[in-house]
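J.: Fold the following, please.
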Amino acid sequence: MSAILDLQIATEQADIPSEQDFSLWLEHVFAALSISDKEITIRIVDDAESQQLNYQYRSKNSPTNVLSFPFEMPDFMGMDDEENAEHDDNHVASLAEAEFNLLGDLVICAPVVTREATEQNKTLKHHWAHMVVHGTLHLLGYDHINDDEAEDMEALERQILQQLAIDDPYQNH
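T.: Numbering: from 1, shown residues only. The predicted model follows:
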C-alpha cells in the first residue's frame, strides 16, 4: 500500500510529528482498507486558519482539530455539456475513464490537537495519529452522523490505532 503525502506546515508550532510519522499513520489506514497509491495533502495550521476554514465550510466560528476535504472530480475538467459535445468523443471518454489518485486534503490545527491531548490526558503523538486516521477515514467516506455509522467508524479507528500500539482514543483518560 502506498500513500503519497504532500505535507504542508503552515504553523510555527514546534511539536509537529515528522513526515515519516504522518506517512506511517496513512500507510496503516490504507493497509487496513486495501487501498494503494492515493495522494493526500495534510496541511498543519494555526487556530486562525482552522477557524476561518471551519467557518467558511461548516459555519462554525471556532478552530477545530481536523477538517477533511475529499477530492471531487470536476465534470470533464470544467467543461459544460455543450462544450463536451464539441470535443472529440475519444477525448471525452478518456477524461471520464482517467484514474485520479487524489484522495483529498486534511487540515489539522496544531494548537487544537495539543490542547485536546492535554485536556484528555493523551500522549500528544497518539492524538496526532488519531486525527490523521480519523480525518483520512472521512476522506474515504466514513462518517459519524448517526450512531451506526459512528460505531463502524470508531471500531475501524480503534483497529488501526491498535496496530500502531495506540490506546483506544474514545476511552476515558
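
J.: Where does the prediction get shaky in the chain?
T.: 1, 75-100, 172-173 (pLDDT under 70).

J.: switch the cut-off to 90
T.: 1-4, 36-37, 72-102, 143-150, 171-173 (pLDDT under 90).

J.: ok, now how distant is Ala3 from Val29?
T.: 8 Å (Cβ to Cβ, to the nearest Å). All C-beta atoms are positioned from the backbone trio N, CA, C, and that covers glycine.

J.: neighbour count winner among those two?
T.: Between Ala3 and Val29, counted using other Cβ atoms under 10 Å, the more crowded position is Val29 (25 against 22).

J.: tell me which element that one is part of?
T.: Assessed by DSSP states H and E, Val29 sits inside helix 19-32.

J.: Quick check: what element follows that helix along the chain?
T.: Using DSSP H and E, the first helix or strand after helix 19-32 is strand 38-45.

J.: partners of that next one, with directions?
T.: strand 3-10 (parallel), strand 102-109 (parallel) (DSSP bridges).

J.: any chance you could map the helices in the protein?
T.: 19-32, 47-58, 81-86, 89-97, 110-119, 124-139, 147-163 (DSSP state H).

J.: Take the strands paired with strand 38-45 and write them to TSV, including distance to Ile166.
T.: Shown next, in TSV, are the strands paired with strand 38-45 (distance: least, Cβ to Cβ, whole Å):
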stretch	distance to Ile166
strand 3-10	18
strand 102-109	16
